[in-house]
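Q: what's the 3D shape of this:
(one chain, ligands or ions: 1)
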Amino acid sequence: MSDSTVTSIWWIRRDLRLVDNEALTAAAAKGPVIPLFIHEARSDALGAAPRWRLEQSLKALALQLEHKGLRLVLRKGEALDVLRAVVSETGARAVHWGRLYDPVSRHIDADVKAALRADGLAAESHAGQLLHEPMTVKTKVGDYYKVFSPFWRAIEPLGVAAPLPEPAKLLPPAAWPASENLLDWTLSSAMRRGASVLARHSTAGEAAAWAKMTRFLDERASNYKAARDQVATAGTSDLSDNLAYGEISPRSIWATGQAATASGVRGLEPFLRQVGWRDFAHHLMFHTPHMLKDNWREGWDSFPWSEDETEAKVWAWKYGRTGVDFVDAAMRELWVTGKMHNRARMVAASYLTKHMMVHWRVGERWFADQLIDFDPANNAMGWQWVAGSGPDAAPYFRVFNPDTQLQKFDPERRYFKRWVAEGQREAPETALDFYESIPKSAGLSPKAVRPQPIVGLKEGRERALAAYSSK
Ligand SMILES: Cc1cc2nc3c(=O)[nH]c(=O)nc-3n(C[C@H](O)[C@H](O)[C@H](O)COP(=O)(O)OP(=O)(O)OC[C@H]3O[C@@H](n4cnc5c(N)ncnc54)[C@H](O)[C@@H]3O)c2cc1C
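A: So this is what the prediction gives:
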């Protein structure tokens, strides 16, 4: 059989796009393509909001494929079992997929590759989720990087491989294997009331990602450096959820950024540097996978953080009822949009781990459940950066003061008013949306009185510093 007639499975992981997709391109070059998404218990043990967002992404990809004359085949089960079943149902001779870098996925990849090859199939994994894969970036002595700046200095001059175009021809297989029904997977069910609120604030799919990229270049890029910390300003790209599901590739972002710079758009360097932070997080996760669950730095295991999630103060933090304006606004933005401004993430995380003395893992788990842009590497790195237990971390003794931060990054209190209804005669819809997204059993109402801070800023800071100095 000539190579041009081989039917291949494109096993879709976190690369729900057609442009710059090495796995899809390799599959399409051989002949007909079966796009297959496998919902695995092990790797897709996602929280409520990421599951909902995955459903949106799958819907968008299914439509996109339909326009190309293909189908999105959905199956639930262990990857290897499903792949073998689809191979036997269709006579496919090759499987191509994009590599992931978390320990569970790496393990699955290695097993699948070995088993399929032993079955006599062509089984290939491909790059494309990062600017540079973690195993390709090394220090002069062959080690991995533990600090961002030297990491960035090493990779920035290397440039980035040019993104691949969408395959010119996508052929369907002679017969389609059976597919499960996306709605039967009930990926939205854990969101309950929140799903319809989130839907108002997010757009999924490859076309949506490119629309955001264009808007960023046209309207935001030149002012990114100045605006990226101003929490009430739409100054950043908003691409994190699209990147989390691979609806746009970082290589495409890089190439588009370089082209825009060449045509005179200014200010892209700090933005591309942030995309570099994403690479760095994956680099750290690949080389030190323990960072997903444990303190990256030794010596933090005995720190007197509480990990009791049933405490009333943890509930107050989650529901934006700490009485600290910046923290409460941030936590409500999360409920309503499934996202939180980066500056707000830092402040909310700092208040939890320092003033409240609650373990970063409690916050990390809450974000993993609530963020539509949840990314295991970015989330763990972000939390450990704030908590002080990470490799390239803010020192623990640098305690953010949420009030000072709000004055600096929301001087007109627009962000606060956008998200916190209590005390406003005519609260905006964004602030009222919060009550639609939380469970009714929370018993919260916009007419409630703002609480006093559950941990005072001065008292909390002093307690955190005392705990740190006796660490
Ligand atoms: C406690 C904490 C938890 C976080 N959890 C996540 C998470 O689960 N998923 C996630 O994507 N980001 C996470 N971040 C990083 C950051 O807050 C978001 O990536 C950013 O807010 C996304 O907004 P944007 O797309 O407009 O970013 P832009 O400023 O436009 O940046 C472009 C892209 O660069 C990447 N990026 C930007 N900042 C960072 C950063 N600090 N670390 C790693 N990558 C970055 C993102 O992919 C982002 O989309 C976390 C940060 C903190 C402090």
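Q: Tell me how far Ala226 lies from Leu70.
A: The gap separating Ala226 from Leu70 is 44 Å, by C-beta to C-beta, to the nearest Å. No exception for glycine: its C-beta is placed from N, CA and C like everyone else's.
Q: Those two: which is more packed in?
A: Legend: neighbour count by other C-beta atoms under 10 Å for Ala226 and Leu70, higher for Leu70 (22 against 12).
Q: Looks to me like the more buried one is in a strand.
A: No: using DSSP: H, G, I helix; E, B strand; the rest coil, the secondary structure at Leu70 is coil, not a strand.
Q: And the strands in the protein, which stretches?
A: Along the chain, counting by DSSP state E, strands occupy 8-12, 33-39, 73-76, 94-98, 122-126.
Q: For the helix or strand of the chain with the lowest mean pLDDT, name the packing helices and strands.
A: Ranking every helix and strand in the chain by mean pLDDT, DSSP states H and E puts helix 194-201 at the bottom, with a mean of 92. Other elements packing on helix 194-201 under the criterion 3 or more C-beta pairs under 8 Å, 6 or more residues apart in numbering; DSSP states H and E are helix 48-67, helix 325-337, helix 429-437.
Q: and that helix, C-alpha only, in CSV?
A: The C-alpha trace of helix 194-201 is given here as CSV (Å, rounded to 0.1, in the frame of the first residue of the first chain):
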residue,chain,number,x,y,z
GLY,A,194,-22.9,28.9,36.3
ALA,A,195,-22.7,27.5,32.7
SER,A,196,-25.1,30.1,31.2
VAL,A,197,-23.3,32.9,32.9
LEU,A,198,-19.9,31.7,31.7
ALA,A,199,-21.2,31.4,28.2
ARG,A,200,-21.9,35.2,28.2
HIS,A,201,-18.3,35.9,28.9
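Q: What is the neighbour count of the spatially closest residue to Ala329 that is not a sequence neighbour?
A: Distances taken as C-beta to C-beta, 6 or more residues apart in numbering put Trp419 closest to Ala329, at 4.1 Å, once the chain neighbours are dropped. Per other C-beta under 10 Å, the neighbour tally for Trp419 reads 29.
Q: Wondering if stretch 148-158 reaches the ligand at all.
A: No: Stretch 148-158 lies apart from the ligand when judged by C-beta under 6 Å from any ligand atom; the minimum separation is 9.2 Å.
Q: Please save the CA atoms from that stretch in CSV.
A: Coordinates of each C-alpha in stretch 148-158 appear next as CSV, following Å, rounded to 0.1, in the frame of the first residue of the first chain:
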residue,chain,number,x,y,z
PHE,A,148,12.8,32.6,34.2
SER,A,149,15.2,35.3,33.1
PRO,A,150,18.1,33.1,32.1
PHE,A,151,15.6,30.7,30.5
TRP,A,152,14.2,33.5,28.4
ARG,A,153,17.6,34.8,27.5
ALA,A,154,18.4,31.3,26.3
ILE,A,155,15.3,30.8,24.2
GLU,A,156,14.5,34.2,22.9
PRO,A,157,17.5,34.5,20.4
LEU,A,158,16.8,30.9,19.2
